[in-house]
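[1] My questions are about this predicted structure, shown below with the sequence.
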Amino acid sequence: MKIIDLLKSKKPVIAFEIFPPKPDVPLENILSSLEKFKALNPDYISVTYGAGGSQKGRTIEIASRAKKEYGIESMAHFTCVGHSYEEIDKMLDEMLDEGLENVLALRGDPPQNQPDFDFSKNIYRHASELIRHIRGKNNFCIAAAAYLEGHPECRLLKEDLLNLKLKVDEGTDFLLTQFFFDNRLFYDFLDKAESKGINCPIIPGIMPIFNSNIKVMTAKSGCSIPAKLVVMMDKYADNPEDLRKAGIEYAAEQIRDLIAYGAPGIHLYTMNRPKSTKEILVSAGLA
């Protein structure tokens, strides 16, 4: 089923994002987690791609098996970094062959062994170009990324909104936001997006704070951390379990507020943790 049809028929639509294990880790590890995620009744899962497409094969396999073996609708992340036209088309055809109808189209990060990767030499420099390619080739439901505080490489929000409008105009069905920790950023962003004529569904992305590694992730993504969250992390810096519990409640509070506001769905970055994901849903009143 196409996710855009879910968004038209149900509210809120709850999604879990998971990531493939590293190549030297058995795939059974994530497959065993899928059974636990299924018990939480997500409307769909999204499966990440890895920097430079490092996990692309596993992305398609996990998304396919989640749909076929576990009955969970799936969305595969897809990037064009380092791929030829032929490789892109081959992977899109493989997705269709596996019954995958939903794709999150991203420009992608540099390959892990090429931090200075030159995007100007890529066949597509921007996600909007990849979206145009996908829309012209197949009848996928296409999602794209939105950055509430601006893309790390385009911190002028006005310019970033124009880029986002281009992605929508090229065929995006709905948008998923980068994670954020202050819901006011999301509400302000909705107004800004509407002023630019962006009228497709915008789904907030929620990243639970499970440990102090979040500081590294926010530094890379350009996401700000509210003062009250910094205080919380400092308070529990020496107690990982208490920090995890506090992070779960913080995420649940965000979700409750977003749903009360009328958000069409929630995209939860699960970090492959079914137990903590369940605790968040229970606290948010969604389990």
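    Yes, it's here.
[2] okay, CA-based contacts and neighbour counts for the rest of this
    Noted.
[3] what about residue 184, neighbour count?
    Residues near residue 184, counting by other Cα atoms under 10 Å, number 11.
[4] For it, pull up the helix or strand it's in.
    Residue 184 is part of helix 183-195, with elements assigned from DSSP states H and E.
[5] what do you get for residue 253?
    Under the assignment here (DSSP H and E), residue 253 is part of helix 240-261.
[6] how about the CA coordinates for the helix or strand following that helix, as PDB?
    Sequence order places strand 265-269 as the next helix or strand after helix 240-261, per DSSP H and E. Coordinates of each C-alpha in strand 265-269 appear next as PDB, following Å, rounded to 0.1, in the frame of the first residue of the first chain:
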ATOM      1  CA  GLY A 265       1.700  11.200  11.700                       C
ATOM      2  CA  ILE A 266       4.800  10.500  13.700                       C
ATOM      3  CA  HIS A 267       8.100   9.200  12.200                       C
ATOM      4  CA  LEU A 268      10.000   7.600  15.100                       C
ATOM      5  CA  TYR A 269      13.700   7.000  14.900                       C
END
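[7] Quick one: list the elements packing against strand 265-269.
    Here strand 265-269 touches strand 13-18, strand 202-206, going by 3 or more Cα pairs under 8 Å, 6 or more residues apart in numbering; DSSP states H and E.
[8] Make a markdown table out of the ones you listed and add mean neighbour count.
    Listed next are these as a markdown table, based on neighbours: other Cα atoms under 10 Å:
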| stretch | mean neighbour count |
| --- | --- |
| strand 13-18 | 22 |
| strand 202-206 | 24 |
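[9] what's the closest of the ones you listed to residue 212?
    Taking Cα to Cα, strand 202-206 is the member of those nearest to residue 212, at 16.1 Å.
[10] sorry, back to before: I would like the residues contacting the helix holding residue 184, please.
    With Cα atoms under 8 Å, 6 or more residues apart in numbering as the test, helix 183-195 has contacts from 148-149, 161, 180, 199, 202, 204, 254, 257-258.
[11] can you give me the helices in the protein?
    Along the chain, counting by DSSP state H, helices occupy 3-9, 28-38, 56-68, 85-97, 127-137, 157-169, 183-195, 214-221, 227-235, 240-261, 274-284.
[12] Reformat those as CSV; add distance to residue 21 and mean pLDDT.
    Shown next, in CSV, are the helices of the chain (distance: least, Cα to Cα, whole Å; pLDDT from 0 to 100):
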stretch, distance to residue 21, mean pLDDT
helix 3-9, 25, 97
helix 28-38, 7, 92
helix 56-68, 8, 90
helix 85-97, 19, 92
helix 127-137, 25, 92
helix 157-169, 30, 93
helix 183-195, 31, 97
helix 214-221, 18, 82
helix 227-235, 27, 93
helix 240-261, 22, 97
helix 274-284, 15, 98
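[13] Which one, of those, ends up nearest to residue 104?
    Residue 104 sits nearest to helix 127-137 of all the helices of the chain, at 9.2 Å, using Cα to Cα.
[14] coming back round to it: now do the helix holding residue 184 against helix 157-169, angle only.
    Going by axes from the mean of the first three to the mean of the last three Cα atoms, to 10 degrees, helix 183-195 is angled at 60 degrees with respect to helix 157-169.
[15] Next, the angle from helix 183-195 to strand 202-206.
    On the basis of the same axes, to 10 degrees, helix 183-195 is oriented at 160 degrees to strand 202-206.
[16] List the buried residues for helix 183-195?
    Buried residues in helix 183-195, counting neighbours by 16 or more other Cα atoms under 10 Å, are found at 183, 186, 189-190, 192-193.
[17] where's residue 274 relative to residue 163, distance?
    Residue 274 sits 35 Å away from residue 163, going by Cα to Cα, to the nearest Å.
[18] Likewise for residue 154?
    10 Å.
[19] Put the alpha carbons of the helix holding residue 184 into CSV.
    Extracted C-alpha coordinates of helix 183-195, given in CSV (Å, rounded to 0.1, in the frame of the first residue of the first chain):
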residue,chain,number,x,y,z
ASN,A,183,7.9,21.4,18.8
ARG,A,184,7.7,25.1,18.2
LEU,A,185,10.2,24.7,15.4
PHE,A,186,7.9,22.3,13.7
TYR,A,187,4.8,24.5,14.0
ASP,A,188,6.8,27.5,12.7
PHE,A,189,8.1,25.5,9.9
LEU,A,190,4.5,24.5,8.8
ASP,A,191,3.7,28.2,8.5
LYS,A,192,6.8,28.9,6.5
ALA,A,193,6.2,25.9,4.2
GLU,A,194,2.6,26.9,3.5
SER,A,195,3.8,30.4,2.6
